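# give the three-dimensional model of this entry:
(2 chains)
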Amino acid sequence: MDVFFSNAIEFGVIFLFGCVGEILTEKSGHLNLGIPGIMCVGAAGGCFGAKLCMSGADPNGFLTVLVAILFAMIFAGALGGIYGFLTVSLRCNQNVTGLACTIFGVGFTSFFLNNIVLTEGVSAKLAQAGRSYFNAHIPGADSLGWFGTIFLQHGVLVYLAIVIAVLAALMLRYTKVGLHLRAVGENPATADAVGINVTRYKYTFILAGAAVAGLGGLCYIMGYMNGIVDATVDQTIQGIGWLSIALVIFTMWKPALAIIGSILFGALYILSSRITGISFVQTKLLELIPYVVTIIVLIATSIAGRRETQPPTSLGLSYFREDR
Amino acid sequence: MNENLALELKNISKYFGSVAANKGIDLTLCKGEILALLGENGSGKTTLMNMISGIYYPDEGQIFVNGQQVVISSPQDAFRCKIGMVHQHFKLIDLFTAAQNIVLGVKGGRYGLKKINDEVRAIAERYGFELDPKKKIYDMSVSEKQTVEIIKVLYRGADILILDEPTAVLTPQETEKLFSVMRAMKADGKSIIIITHKLHEVMAISDRVAVLRKGEYIGCVDTEKTNESALTEMMVGQKVALNIERPETKFDKPLLEIRDLCVDSDEGSRAIDDLSFFIRGGEILGVAGIAGCGQRELCEAIAGLRKIESGGIYHEGESIVGLSPKEISHKGIAMSFIPEDRLGMGLAPSLSITDNMMLKNYQDHTYGIKPLAVEEGDKSLKAKMRRAVNKTGAWLNRHCIFVNRKIARADAERVIKELDIVTPSAETPVRKLSGGNLQKVLLGREILTEPNVLITAYPVRGLDINSSYLIYDILNRQKKSGTGVLFIGEDLDVMLALCDKIMVLCHGRLMGVVHAEKTTKEQLGLMMAGALDLMEEKGKPMGIAKDSQIGEEHTWDA
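Take a look at the predicted model:
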């Protein structure tokens, strides 16, 4: 049981990265359906970074983790930048652009991982990096019983996800940047009129959101899979990406709630593979639960109609100053 | 240089295309005074104020603040010059509290809501506002939102405040409260420019009045030394003779009758208040009033687009309240509303003229599927099948499943020919047409259904002289054919020449219905500003149409 909870947290933080990334993007008024693709690209970039560091004879663990994180963020940020340029500067339809980013990101990852990253002998090195660097435990955590198993036996990315979510929550609630960001997402014309640089805020948080989401992909391969890249990795991450977007609705655009929500989603996601002796159909039904819960939350918040639980008002709408 | 001047404008001009919105305007504002800016719709008041607050940039002229020449090219520049404007349409974020809105965009300073709440409370107390800084905007009334806007400007340290029609959305009590706050600000040394149409408010609050007419500066007078009728004369100017035909027709029976109608606006305030009037066949009834005095809501209520609160709308004696817009249009009531952006209501920009014709009249543009020949009493399988086919065809016909572009095309071409619309073809997307041609398409489509009541709002908005005359001609043709026309207009000269009767609204209330040939522009001006209410006059002064007393008789029964 302890192991199940531990795994739920480990898997949940992948959702958390994607979810917090999407929340940051949506708060600026942009619905980024490219998140699944961006998470994939982040995974590809992270593996590439890890490969570069592991190619020497005596790889440095700290450096490997740092470079992998940086590369994941740069790769994901690049795709986020394309999305931002198309939707902010060229004012393309956000849904169409986002879907295009996902299709591109997934395809790119499959190609990039198989043809460029996974040359001979790299698989083993990535597995080594995943096992001994990314999943290095806090010393002494193993001796603390169930508490240690659930909360302390995780790799660095798990804690990073939670720190990012907490920081995002604090920023949105207690800083001027957060206030301005929310203003941009609610009503860009008003924000513009009081002198907030709308375009800069939109770009900043689309890029930041994409970079955070990209870490989710890295977290799946290096954290959860211990550095093992299997053949269907792009499809799996894509699925996680869609669920992350659902999680944004489930948590009502609140990064702090996303911490709990993501662990719940993580538990539901791995549940079907942990229960033995159930039929194929039952497995599929279990996998449905996260989506069903999301729909229920959507219905409940719509009926309650509280303004605070609704998406940012100008979500999905392009802002054009001369339109005022 | 006068030390006492807070703001001075010299020779300010602004052109939109070839149209001059402001022409060589000089204006001065002293420290600690309230200046009223008066003018009709489209006289350039808001344009002028937008140049001071940095939304537009003047094409010519200079602006001086406290004797120093300044360049104001953005709202931030205006803030730096300590100028703040409260717009007619509030720029607030609904989800935020008052304090969050007030602090939004302010550079520097730590973001501590507690401190900000206290600061906001201090400003509110100082000038006598009532405001809870923690209240969210979506919970606020219109007057509270306005308070937030004013404090927002004060929080940024503005010394010159511009209020764009602040009283338009307020009740008389709220207006009184606003005025006492304005007096407190004036006592504190702030200079205020207030844009308003309401003469009695000008008289009540201002120290001086500046009047604009058609983009030109007419003059500035001390409020003490003037009166309402002198101001009206400055505002409307001399009557301009227009050569618009007004054909004599025999007035028919009332076609559309409105009785005790009350309608709410989107914001929930009363837009039409206890309005009664009727339109006869063969007459053009003009509706005069300041922008936003309920014209739009009246149109929408008649067309079935807006819920009415109380009262009745009768078409040929039958109530049409509660009918769907489609049913109302089937009864022969057509509406063409030209919004400010022209394309907003009525036409789909990227569809062709033909398609836009079909949008409304698709029932007439359907394919009639011809029934197959079946002999009566034939019981063969073939006959049964043919009957089934006919049944399906009839159902399809009834529900207009298949549209016939050929008929629609012919209709479109007829409208193009009759109304002289300039377009490459009937298949050109309407967004490629010029404004005048767009308006003709819109009007032409309504006329095509041969309505017996035609409601048209601002049909000549933004049109040049020739196109305008064409539109007047179209309306006159409708009138001659016995249609009752409700003409909601902007230009009093046009209405005096074109309409048979003119109904004046002021804040949704009927000020009276007058015969166009017996009234004067000044009288209309006073009525529009709410200074003259014929409904309350005893007896029957010259020029008042019988409609003013409509409430007492049941016109249709006669």
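# and stretch B:200-215, how far apart are its ends?
Stretch B:200-215 has its terminal residues 23 Å apart, counting by CA to CA, to the nearest Å.
# in that stretch, what counts as buried?
B:201-203, B:205-206, B:208-213, B:215 (16 or more other CB atoms under 10 Å in any protein chain shown). The C-beta positions use only the backbone N, C-alpha and C, and glycine is treated the same way.
# now that stretch: how far from the chain's centre is it?
Its chain's C-alpha centre and that of stretch B:200-215 lie 21 Å apart, by CA atoms, centre = their mean, to the nearest Å.
# state the mean pLDDT of that stretch.
The pLDDT scores in stretch B:200-215 average 88.
# then stretch A:263-283?
If you average the pLDDT over stretch A:263-283, you get 87.
# give me the distance between residue A:2 and chain B.
Distance of residue A:2 to chain B, given as CB to the nearest CB, to the nearest Å: 42 Å.
# for that residue, which non-adjacent residue is spatially closest?
Excluding the flanking residues, the one nearest residue A:2 by CB to CB, 6 or more residues apart in numbering or on different chains is residue A:149, at 4.3 Å.
# likewise residue A:286?
Among residues not flanking residue A:286 along the chain, residue A:272 sits closest, at 4.0 Å (CB to CB, 6+ apart).
# low-scoring stretches of the chain, by residue?
No chain in the question, so chain A it is. Scanning chain A for pLDDT under 70 picks out the ranges A:141-142, A:322-324.
# chain B was what I was after
Using pLDDT under 70, the flagged stretches of chain B are B:1-3, B:41-42, B:238-242, B:252, B:337-345, B:462-465, B:537-558.
# contacting residues around the one residue in it that gets nearest to chain A?
Residue nearest to chain A within chain B: residue B:105 (3.1 Å; CB to the nearest CB). By CB atoms under 8 Å, 6 or more residues apart in numbering or on different chains, residue B:105 lies in contact with A:180, A:183, A:191, A:194-196.
# tell me the phi and psi of residue B:335?
Here is the backbone geometry of residue B:335 (degrees, to the nearest 10): phi -130, psi 130.
# ok, now which ones touch it?
B:299, B:302-303, B:446, B:454-457.
# need the residues of chain A near chain B, please.
A:174-176, A:179-180, A:182-183, A:186-187, A:189-191, A:193-196, A:307-308, A:313 (CB under 8 Å from any CB of the partner chain).
# isn't residue B:57 up against residue B:73?
Yes - Residue B:57 lies in contact with residue B:73 (CB atoms under 8 Å); the separation is 5.4 Å.
# now the residue of chain B closest to chain A, what's its secondary structure?
coil (DSSP: H, G, I helix; E, B strand; the rest coil).
# burial measure for the residue lying closest to it once chain neighbours are set aside, as a count.
Once flanking residues are discounted, residue B:105 sits nearest to residue A:194: 3.1 Å by CB to CB, 6+ apart. Other residues near residue A:194 come to 21 when the count uses other CB atoms under 10 Å in any protein chain shown.
# returning to that earlier point: and which of the contacts of residue B:105 is nearest chain B?
Nearest to chain B among these, with distances taken as CB to the nearest CB, is residue A:194, at 3.1 Å.
# ok, the closest one touching residue B:102?
No - using CB under 8 Å as the test, residue A:194 is too far from residue B:102 to be in contact (9.8 Å).
# check contacts around the nearest residue to residue B:426 once chain neighbours are set aside.
Leaving aside its sequence neighbours, residue B:426 sits nearest to residue B:412 (CB to CB, 6+ apart; 4.1 Å). Neighbour list for residue B:412: B:352-354, B:357, B:426 [criterion: CB under 8 Å, 6+ apart].
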